[in-house]
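1. Fold the following, please.
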Amino acid sequence: MLYNHIAIEGNIGSGKTTLATMLANDINARLVLEQFAENPFLPKFYSDPEKNALPLELFFMAERYHQLKNLKEQDLFKPQIVSDYFFVKSKLFAQNNLKKDEMQLFNRLFDIMLSSLSKPDLLVYLYSDVERLQQNIKNRGRDFEQIITDEYLQNIQDKYLDFLRKQSDFPVLLIDVSNVDFVAEKKFYDKICELIFVKYSVGVNNKVL
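-> From the prediction side, this is the model:
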């Protein structure tokens, strides 16, 4: 493996957790999954965003920080890590969901936490158009997600892409999976793996399956 820590990212419903799980199993890496179901504010946020956005984002950020900080105590027999998120995700969602004064508070805490975390060696971003995202969200059937709007998904997508284009800290492999099912058709998963096992330069590297 060329990368010790691979972070799989993407919009809601893009398949990042599925891919991270499959990849970690295949390369015998330590799997780190975001525990979104443990956030008590998530269902409340979708029903009343204005009231619950700040506690939602602070809870998520604290949980992600705690989980990533503990990676230093990883299994010595599984030094490689595959995660289904990157810490900066906290800031991107917060930018979309918080008011200006709330964002000022959030940024102070975020900057302190980020400074003590390591960066991934490769970030794989699964790009999918909003229509496909909505289809995936509907298929997995989480009740609180069914009211997510196209506009919300597009805003999140724009935040991700803007950040990825501007950052210069690590390589990004951006894979367009809008028209493929890498779970149902193994050839697409194999192609993704083939793309991951390549050395990339810092910045965004675009690939279409």
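
2. Next one: E50 from K100, what distance?
-> E50 sits 13 Å away from K100, going by CB to CB, to the nearest Å. C-beta here means a position set from N, CA and C on the backbone, and glycine is covered the same way.

3. next helix or strand past the longest helix anywhere in the chain?
-> Using DSSP state H, we find that the single longest helix of the chain is helix 49-69. Going down the chain from helix 49-69, the next helix or strand is strand 81-83, by DSSP states H and E.

4. Run the chain-centre distance for that following strand.
-> Distance, stretch centre to chain centre, for strand 81-83: 11 Å (CA atoms, centre = their mean, to the nearest Å).

5. Now the element after that strand, going C-ward?
-> helix 89-97.

6. Name the residues that touch the helix or strand that comes right after that next one?
-> Toward the C-terminus, helix 89-97 is succeeded by helix 100-114 as the next helix or strand (DSSP H and E). By CB atoms under 8 Å, 6 or more residues apart in numbering, the surrounding residues in contact with helix 100-114 are 53-54, 57-58, 61, 65, 87-88, 90-91, 94-95, 98.

7. rerun at 7 Å
-> 54, 57, 61, 65, 87, 90-91, 94-95, 98 (CB atoms under 7 Å, 6 or more residues apart in numbering).

8. In CSV, list the C-alpha atoms belonging to that helix.
-> Extracted in CSV, the C-alpha atoms of helix 100-114 (Å, rounded to 0.1, in the frame of the first residue of the first chain):
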residue,chain,number,x,y,z
LYS,A,100,-22.6,33.6,11.5
ASP,A,101,-22.2,34.0,15.2
GLU,A,102,-22.5,30.2,15.7
MET,A,103,-19.8,29.7,13.1
GLN,A,104,-17.4,32.0,15.0
LEU,A,105,-17.7,29.8,18.1
PHE,A,106,-17.4,26.6,16.0
ASN,A,107,-14.3,27.8,14.2
ARG,A,108,-12.5,28.5,17.5
LEU,A,109,-13.0,25.0,18.7
PHE,A,110,-12.4,23.4,15.2
ASP,A,111,-9.0,25.1,14.8
ILE,A,112,-7.8,23.9,18.2
MET,A,113,-8.8,20.3,17.4
LEU,A,114,-7.6,20.2,13.8
